[in-house]
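1. give the three-dimensional model of this entry:
(one chain, ligands or ions: 1)
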Amino acid sequence: MDHAADAFRTDLMTITRFVLNEQSKHPESRGDFSILLSHIVLGCKFVCAAVNKAGLAKLIGLAGETNVQGEEQKKLDVLSNEVFVKALVSSGRTCILVSEEDEDAIIVEPSKRGKYCVVFDPLDGSSNIDCGVSIGTIFGIYMIKDGGEPSLEDVLQPGKNMLAAGYCMYGSSCTLVLSTGSGVNGFTLDPSLGEFILTHPDIKIPKKGKIYSVNEGNAKNWDGPTAKYVEKCKFPTDGSSAKSLRYIGSMVADVHRTLLYGGVFLYPADKKSPNGKLRVLYEVFPMSFLMEQAGGQSFTGKERSLDLVPKKIHERSPIFLGSYDDVEEIKALYAAEENT
Ligand code: FDP
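-> Numbering: from 1, shown residues only. As a prediction, the model looks like this:
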């Protein structure tokens, strides 16, 4: 990208303009999705500002509560959750919400209801807050199954039923990556304008990558195919170069790098956590949706991630996602194990 030319660019594709353009391709659309998205964008801007101020405003540190996963909640998690819940409810376009921070799903009161169901992790990667490493918000959007009373069934749908998914990364810049089911686009927040500008149009993940990303500290508990795959990354037997290891420990940042540079991100099952660590609804599904839309793949160790049908809202699943060819290799190792 030519940054000098960028400074003088006068025809800016903001996220609002982009979404309205998309909407105009569907003449029957009443603009509900665009309104919902504008509320999500507002939440992202608010959290971005709070994250940037955290060190100064002493927002970091424990809030004295634990979330439903038994983890200590940080003040920023509490704040981000409140902001997103309020933004989503006040959009008037949602009917049921599932947040990583709330044990139960939130059923929106009838007067404020719309047809969309939103699953989200308001601030993912919270163990990285205190040291200023990139963190993010992840979200997925479904349509209510039928027009009746919203229920858990509306969010316990396979990931392939999602209408849209995205994440916002709060890092050296604030980047929102979005797919509404026809490709993936990335927008960067211009702080001087307060607007997300299209900076990464039509993102495609490289077909094969040179990076693998995993918490190797769990290696002693991995299953055979995961151990074999990581061994192959380090000691390839086909004459190719060894892959580089990159692991931030913040899913949004690790997936963002994987999307742009290629390679694989894995959080596999292990003996201690047979279902892995990451949550199906608001981590595995949205990231898998984006990965597939960018030409990559996502696999659970058993099936295509987006085919999984969750039974509980905070369910976890192993995940292997990234470049098409790299995930293909992992699938082959699991298939070989099944046949022995
Ligand atoms: P965190 O615990 O910091 O909130 O699911 C949350 C998550 O971060 C992901 O963002 C990240 O990919 C993963 O956990 C990191 O887990 P490990 O510390 O076990 O590697």
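2. only C-alpha atoms, please: export the top strand by length along the chain in PDB.
-> Longest among the strand segments of the chain by residue count, using DSSP state E, is strand 113-124. C-alpha atoms of strand 113-124 as PDB (Å, rounded to 0.1, in the frame of the first residue of the first chain):
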ATOM      1  CA  ARG A 113     -36.500  -7.100  19.600                       C
ATOM      2  CA  GLY A 114     -35.300  -7.700  16.100                       C
ATOM      3  CA  LYS A 115     -34.500 -10.800  14.100                       C
ATOM      4  CA  TYR A 116     -30.800 -11.200  14.700                       C
ATOM      5  CA  CYS A 117     -29.000 -13.400  17.200                       C
ATOM      6  CA  VAL A 118     -25.400 -12.300  18.100                       C
ATOM      7  CA  VAL A 119     -22.700 -14.400  19.800                       C
ATOM      8  CA  PHE A 120     -19.600 -12.500  20.900                       C
ATOM      9  CA  ASP A 121     -16.500 -12.400  23.000                       C
ATOM     10  CA  PRO A 122     -16.300  -8.700  24.000                       C
ATOM     11  CA  LEU A 123     -12.600  -8.900  24.900                       C
ATOM     12  CA  ASP A 124     -10.700 -12.000  23.800                       C
END
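3. adjacent strands (with direction) for it?
-> Within its sheet, strand 113-124 is paired with strand 94-99 (parallel), strand 135-143 (antiparallel), according to DSSP bridges.
4. now the last one: average pLDDT?
-> In this model, strand 135-143 has an average pLDDT of 97.
5. what's the next secondary structure element after that strand?
-> Using DSSP states H and E, the helix or strand that directly follows strand 135-143 along the chain is strand 164-170.
6. other residues contacting that following strand?
-> 33, 37, 40, 44, 47-48, 51-52, 124, 134-141, 174-181, 252-253, 255-256, 285-287, 289-290 (C-beta atoms under 8 Å, 6 or more residues apart in numbering). Where you see a C-beta, it was placed from the backbone N, CA and C, and this is true even at glycine.
7. so which of those residues are in strands?
-> With DSSP E as the criterion, strands contain 124, 135-141, 174-179 from among these.
8. and of those, the nearest to Y116?
-> I141 (5.6 Å; C-beta to C-beta).
9. residues near G224, how many?
-> Neighbour count for G224, taken as other C-beta atoms under 10 Å: 12.
10. going forward can the numbers begin at 25, since that is how I track them
-> Sure, I'll start counting at 25 from here, so that last one is G248.
11. name the nearest residue to it, ignoring sequence neighbours.
-> Among residues not flanking G248 along the chain, E361 sits closest, at 5.5 Å (C-beta to C-beta, 6 or more residues apart in numbering).
12. up against the ligand, what does the stretch 125-274 of the chain have?
-> Contact residues, the stretch 125-274 of the chain versus the ligand (C-beta under 6 Å from any ligand atom): D148, G149, S150, S151, N152, N239, G273, S274.
13. please pick the buried ones from those residues.
-> Listed as buried from those are D148, G149, S150, N152, S274; burial here means 16 or more other C-beta atoms under 10 Å.
14. got phi/psi on the second one?
-> Dihedral angles of G149 (phi, psi; degrees, to the nearest 10) stand at phi 90, psi 30.
15. skipping adjacent residues, who's closest to the residue in the stretch 75-224 of the chain positioned nearest to the ligand in space?
-> Using C-beta to the nearest ligand atom, the closest approach of the stretch 75-224 of the chain to the ligand is made by S151 at 3.3 Å. Using C-beta to C-beta, 6+ apart and skipping residues adjacent in sequence, the residue nearest S151 is G273, 6.8 Å away.
16. and the one you found, what is it in contact with?
-> G149, S151, N152, V157, N239.
17. so in the chain, which helix runs the longest?
-> Identified as the longest helix of the chain according to DSSP state H is helix 56-81.
18. confidence-wise, which helix or strand of the chain is lowest on average?
-> Using mean pLDDT, DSSP states H and E, the weakest-scoring helix or strand in the chain turns out to be helix 27-31, at a mean of 55.
19. following that one, which helix or strand shows up next?
-> Sequence order places helix 39-48 as the next helix or strand after helix 27-31, per DSSP H and E.
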